[in-house]
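*Asks:* Sharing a model that was predicted from the sequence below.
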Amino acid sequence: MLNVHSYETFATQDWPGIRLVIFLQWCLFRCKYCQNPDTIPSVDAKKMSPEDVLTLALKQKEYFGEKWGITFSGGEPLLQAAALLPTLKLLQENGFNTCIDTNGYLLTDEVKACLRYTDYVLPDIKQLNPEKHQQLTGLDNQHPLDFVRYLDSQQKMYRIRYVVVPWITDEEEDIKQLGAFLQTLPHFQRIELLPYHRLGRSKRDKMGWEYPLEGVHASTITELDKVKKILTTYVDKVFIRG
Ligand code: SF4
């Protein structure tokens, strides 16, 4: 059974087209800018079987026709790889395209099996600098970078996401390291720069969690453009997402 935090039926940002996005509960990261901190704790949420997910997807199909699919996000969906695997298989068998939005920390055999039934992957890169990554997320960045290398080696369809946080992830040196990393990926497709905003603040307040980015402003288009300009000296296909 999947442990599901919630789902969204008209999502347009989670590739490709209009999506049913299923947010799974539990994450091993503690990103300071997390917009969905309520998905982080490992607590019991709504239980859904693969058949429940298929039924939900089939209901949406009436509205969206053939060209759409299902994205699993979170939280970290691959923490639930055992339950995700039969769900992904069932969805593909029924003609749906599947996508996983992940921090890329896990690359077990079960995760690799999930990826075989995943059409699109949205891996996050949080920070190239290992110490800053540790400070930002609580964990190392070696696993997420290996995950992206693995996707690339398998020639999966993937788009990297990177949140631009003023002073935290937009230092010129860090962006240059990111660009150099992207250049090592023979099948690199695109990177999307996401603005940092403070939407997670009120959720953290409700949870009684301190907001660790107090005093950090939402990223401006000028800051995003600056990061884009540096990255485009390394790779093409750098996009800013609203
Ligand atoms: S990986 Fe995603 S869900 Fe997990 S803490 Fe970071 S932003 Fe939140």
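*Replies:* Noted; the coordinates are in hand. Numbers count the residues shown, from 1 in each chain.

*Asks:* Could you list the buried residues of the longest helix along the chain?
*Replies:* Across the chain, the helix with the greatest residue count (assigned by DSSP state H) is helix 50-64. Residues 50, 53, 54, 56, 57, 60, 64 are the ones in helix 50-64 that count as buried (16 or more other CB atoms under 10 Å). From N, CA and C alone the C-beta is placed, and that goes for glycine too.

*Asks:* Need the residues you listed in TSV (columns: pLDDT and distance to residue 213).
*Replies:* Formatted as TSV, the buried residues of helix 50-64 follow (pLDDT from 0 to 100; distance: CB to CB, whole Å):
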residue	pLDDT	distance to residue 213
50	98	37
53	98	34
54	97	39
56	95	34
57	94	36
60	88	35
64	75	36
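
*Asks:* and those residues as TSV, adding distance to the ligand?
*Replies:* Formatted as TSV, the entries for those read as follows, by distance: CB to the nearest ligand atom, whole Å:
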residue	distance to the ligand
50	23
53	20
54	25
56	21
57	22
60	23
64	26
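
*Asks:* Mind giving me the packing neighbours of the helix or strand bottoming out on mean pLDDT in the chain?
*Replies:* Here the helix or strand of the chain ranked lowest by mean pLDDT, DSSP states H and E is helix 50-64, holding a mean of 91. Helices and strands touching helix 50-64, by 3 or more CB pairs under 8 Å, 6 or more residues apart in numbering; DSSP states H and E, are strand 2-11, strand 19-24, helix 81-93.

*Asks:* swap the cut-off to 7 Å and go again
*Replies:* Applying 3 or more CB pairs under 7 Å, 6 or more residues apart in numbering; DSSP states H and E, we find helix 50-64 packed against strand 19-24, helix 81-93.

*Asks:* Many thanks, I have nothing further to ask.
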